Every structure is written in C-alpha cells, then in structure tokens.
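A.B. asks: Whatever this is, show me its structure:
(chains A and B)
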Amino acid sequence: MDFKTGKELLELCRRESLPISEVMRRRETEEGGLTRAEAENRMQRALEIMRNAAARPIDHPVPSMGGLIGGEAQKLHRHADQGACACGTLLSRAMMYAVAVLETNASMGLIVAAPTAGSAGVVPGVLLALQDEHSLPDGRIVDALFNAGAVGYLAMRNATVAGAVGGCQAEVGVAAAMAASAAVELLGGKPQQCLSAASTVLANMLGLVCDPVGGLVEYPCQIRNASGVANALAAAELALSGVSALIPFDEMLDTMAAVGRRIPPELRETALGGCAAAPSACARCRR
Amino acid sequence: MAFLSVFDVIGPNMIGPSSSHTAGAAVLAFLAQKLIAPPLRSVSFTLHGSFAKTYLGHGTDRALLGGVMGFSTDDVRIRNSLAIAEQRGLTYSFLPSEEEKDVHPNTVDIRMKNEAGKVMEVRGESLGGGKVHISRINGVSVDFTGEYSTVIVVQQDTPGVVAHITKVLSDSGVNIAFMRLYRESKGRTAYTIVESDGRFPEGIDVPLRENPHVYDVMILEP
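C.D. replies: Got it, this is the predicted structure:
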C-alpha cells in the first residue's frame, strides 16, 4: 500500500475505508519492511521522547546553548495557573509544550525531529495538549503520529521541509500542517477533512521566512512553534466545522514550494535577513 | 530515491538543536570512524561554511566528537563528548576554515589517526534532516550515504579486481543495489563502493580480501 500524493492517499482511504493513520502504518509495514509491532514500538518510543522533551523544561528550565532562550515553558505554566489565559486551556497548554520542546532542543536535550528539529515542538504540542484535554489513551496519540507522518512524508517527497530551501513555511508550516491533520483525525474527522486542515495551515503560513538570530535554532524558532500550534488548532477547528479548504493539499504543497524558491537566500536560514538582521538581534549575538 | 519512512518524518530521534548541524554532524563522524580500525588516538575536524560559523552554538563540535566515538544521534553522551574524549585519551581539535568557498555549506573534513598509526581522512556533507553523504576518502572523490548496507573495497586500480568483488558478492547471494568505482588516477588506489538493500553476510570481508590487489575492506551497516 503506497501513495505519492494527497489525492492518492484519500483514494486509498476511501477504497479501503481506512483512516490516514492506518494507511500510513500499512505503507510502513508493506513497503518499508517493518513488522506492525516494530512500527508500533518505534512510534511509541517517539511519543515517550516527545513527552519528556515537552515536560522537563516546565519544572527544570535550562538556558540554551546560544543563550537566547530558556524558561519560557515555565512562564507559560505559571501564567496558566493564575487563570488569566488569553488563549483558553487547550491552546495555552499546547503552546507551553511546544516552547518546552524547543527549550529541550536548544539545550542539547533529546527530541524527535517532526519534521525538523527547529519545528519539533508543534506536533507534540498539539497532540499532548489534546491528550490531556480529552483524556485520550497513548494508542490514539500513536495513531495521530502516523497521520502526521503521512502529511510530513508528502511534504518531504513533493515539496521540501528544509528551511534553507523553503523558509520557515516549510519547517514550522509543514509541522503545523501535520499537527492539524493529526488533530482532525484524533477528534473524529474524515481523511478529507484532515488534508483540508493541512491545506489551510499551508495557506495561512505561506511565505514565512527562516531568519534565525545568530544562525541558531532558538529565536524566533521557539515562538514560531507557539504560533504553529495556534495555526494548527485554528485549521483543525475550521476543517472539523465543515469549512473546507478551497485549494487541495497537493496544490498547496506545490504552491508552498514555489513560494519557497522565490524567497531570497538571505531569508532562508542564512541569518542574513529578517529577524536575524534586526539591530537588537545583532546586538544580542555580539555579546 | 530511497524509501521515505514515517520515521524519516517523525524522526530522527536526536540530541538537539539542529538536524543538519548536530544530528547530521554526529552521523558523518559516526560513518567516518567506521572506516578506520579502532581505537582512535587523535582526530581533527576542519569545518567549512555554516559549520565554521555556527558550530559552537549548535554543539556541532560535541556531535562530531561523539559520532567519532561511535555515539548515535540520540545518545545523550553527545552533550559531554569533550570530557569523555579526554577520559578515553582521544585528542581532538576543531579548525574553522574559510579557505574553500565552493563547498556545500555544511562540510567537514575529518582526519583520524588510530593506535596503529594509520591515518584516514574523510570529507562529509550534512544535507539537512540528519541526512548526509560522504564525498571524499583520503583525497579521492566518492559518493555514498550510509543509508544502505555498504562495502568499501580499497584496491589497486588494475583489471580483475571488480570481477573478483562481484563474484564474491554473487557467490554469497548479495543483491547489489548500486556499485561504483572511484580512483585517484589510472593504476593508483581505487575505491569500489557497493550498496545493497539487505545486510551483508557475516564475514564477507574475508573472501573479498583474497585478492592481492585488495588493500582493505570496510563494511557499513545502517
């Protein structure tokens, strides 16, 4: 069972009456040579690493290697405890987990790239917050990770997930598309709605540049992960409400890749433009 | 294109902060140390492009040194690899270089010396997402990724060696996915690199060495 486009994926889901997660799981076992148990165990292990990376900085903040971030997850946690959230508990929690993963990453902790290290907070942020909110068992989150993997695979295969090639829209944008699709399946949406949510995210994050201060995976990467979480949940809500994306996911991937090619090199991970070139950023890096 | 697994997307499991500058660096150094007999006594890393500019903030130095000690991308010992190297008596140095301009932005030259005094130089490039390729061995341009089971035969460039290699492999039931020969110049040292979908049979290097023109055989399993 294999697919090369979102269209083929939806066709397989329809023909076999399967969710996206199960098609992706079968692709892995039938084409990738893993047994079902091996695939399941590896994904369970990924979930464990994600959970640790998202939890530890809340109680044990660590400064990053480059010194630009550290302690943000704890601040979000304390703020949420005061009951004056601007975002509501789900989004606030998802953001907390997302920035925590980026803290773990920036202090040389163990994370799961999803699809990259710089965007590694979005998928666990959304999924772990949904798990808390709806008291979901791990098995459902593992399913959701296979769903997210299907969206990320299509982006990797047919577009790009490298900031140096496509900008941040290809990293945090794709991560948020993955998370949105996974959230839709987790909340009972149909395969079509999953890819609709993914398409919406790519449209909303289209053109976002990659401009890491000092060339490091810290700022604005960490806060972009928080915004990626918000984008993912907004797109999932739209799709679950029946607001479907005008542009199919495959076309949106092509569009994202085409826009990425037009982003000048200064704004693609080279730290020569955007936030990286702002005077205050330059001053911080010289210290 | 090699099969893109769900774990290439939800993965790799890695020590942060960067899949290209940290995980990729660890993978490159891990592959490099497979090409020389242990134990290593000294290693120097010459860093080019973006590696040269941002290696400290990305922990590229610790990842490279961890990789050369055999640590995988998700091994937390990477964080303390400088101290671990000192404990093991492995001397190391990092040399940022701006001399070569037309290299891939994330390129490293790894020069290793083992206890027997043998020296091996490997150049590798980190392509993003933890993907890498080795582009040079001891000055000879090569191209492989370590994603497949790989045999590297160091040999004299002379007739019959490739026939010997393919015969040994076919006698052992190995299905060759890719095979290429790279050489310094005609008649000098050559590298035959064979990639296969499945693992090579245990001890396949023994018959491969049974040819007077074969100098060395190295096997990398993913």
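A.B. asks: Please enumerate the helices of chain B.
C.D. replies: With helices called from DSSP state H, chain B shows them at B:6-9, B:24-33, B:49-54, B:60-68, B:81-87, B:161-171, B:205-209.
A.B. asks: Can you give me every residue that contacts residue A:164?
C.D. replies: By C-beta atoms under 8 Å, 6 or more residues apart in numbering or on different chains, the contact set of residue A:164 is A:210, A:268, A:269, A:270, B:20, B:105, B:128. To be clear about C-beta, it is placed using only N, CA and C from the backbone, and glycine gets the same treatment.
A.B. asks: which parts of stretch B:150-167 are buried?
C.D. replies: B:150, B:151, B:152, B:153, B:154, B:155, B:157, B:161, B:162, B:164, B:165 (16 or more other C-beta atoms under 10 Å in any protein chain shown).
A.B. asks: Equivalent analysis for stretch A:48-62, please.
C.D. replies: Those buried within stretch A:48-62 under the rule 16+ other C-beta under 10 Å are A:49, A:50, A:51, A:52, A:53, A:54, A:55, A:56, A:57, A:58, A:61, A:62.
A.B. asks: contacts with chain B among the residues you listed, please.
C.D. replies: residue A:49 (C-beta under 8 Å from any C-beta of the partner chain).
A.B. asks: closest to chain B among the buried residues of stretch A:48-62?
C.D. replies: Chain B lies nearest to residue A:49 out of the buried residues of stretch A:48-62, by C-beta to the nearest C-beta, at 5.5 Å.
A.B. asks: wait, the closest one sits on residue B:13?
C.D. replies: Yes: under the criterion of C-beta atoms under 8 Å, residue A:49 makes contact with residue B:13 at 5.5 Å.
A.B. asks: Report the set of residues contacting both of those two.
C.D. replies: Joint contacts of residue A:49 and residue B:13 (C-beta under 8 Å, 6+ apart) are A:110, A:111, A:112, B:74.
A.B. asks: The lowest-mean-pLDDT helix or strand in chain B near chain A anywhere?
C.D. replies: Ranking every helix and strand in chain B by mean pLDDT, DSSP states H and E puts helix B:49-54 at the bottom, with a mean of 88. Yes: Helix B:49-54 is in contact with chain A by C-beta under 8 Å from any C-beta, via B:50, B:53, B:54.
A.B. asks: List the contacts of the second one.
C.D. replies: Looking back up the chat, that one is residue B:53. Residue B:53 neighbours (C-beta under 8 Å, 6+ apart): A:215, B:96.
A.B. asks: go with 10 Å
C.D. replies: Residue B:53 sits next to A:214, A:215, A:270, A:271, B:47, B:96, B:98, B:105 when contact means C-beta atoms under 10 Å, 6 or more residues apart in numbering or on different chains.
A.B. asks: pLDDT-wise, what's the bottom of the residues you listed?
C.D. replies: The member of the contacts of residue B:53 with the lowest pLDDT is residue B:105, at 81.
A.B. asks: Residue B:119 versus residue B:89, what's the distance?
C.D. replies: Separation of residue B:89 from residue B:119 (C-beta to C-beta, to the nearest Å) stands at 18 Å.
A.B. asks: now swap in residue A:55 and tell me
C.D. replies: Distance from residue A:55 to residue B:119, by C-beta to C-beta: 46 Å.
A.B. asks: just to revisit the earlier point, which of the shared contacts of residue A:49 and residue B:13 ranks first by neighbour count?
C.D. replies: residue A:111 (30 neighbours; other C-beta atoms under 10 Å in any protein chain shown).
A.B. asks: what's the helix or strand for that residue?
C.D. replies: Element membership of residue A:111 [criterion: DSSP states H and E] is strand A:110-112.
A.B. asks: so where's the stretch 151-287 of chain A shaky on pLDDT?
C.D. replies: A:286-287 (pLDDT under 70).
A.B. asks: switch to 90 and redo it
C.D. replies: A:162, A:164-165, A:215, A:269-272, A:282-287 (pLDDT under 90).
A.B. asks: Give me every residue in it lying close to chain B.
C.D. replies: Neighbours of chain B within the stretch 151-287 of chain A, by C-beta under 10 Å from any C-beta of the partner chain: A:151-157, A:160-165, A:171, A:174, A:178, A:212, A:214-218, A:221, A:269-271, A:285.
A.B. asks: returning to that earlier point: between the residues of helix B:49-54 next to chain A, which is closest to chain A?
C.D. replies: Nearest member of the residues of helix B:49-54 next to chain A to chain A, counting by C-beta to the nearest C-beta, is residue B:54, at 4.2 Å.
A.B. asks: Do I have it right that the closest one meets residue A:66?
C.D. replies: Yes: at 8.9 Å, residue B:54 and residue A:66 qualify as touching, with contact defined as C-beta atoms under 10 Å.
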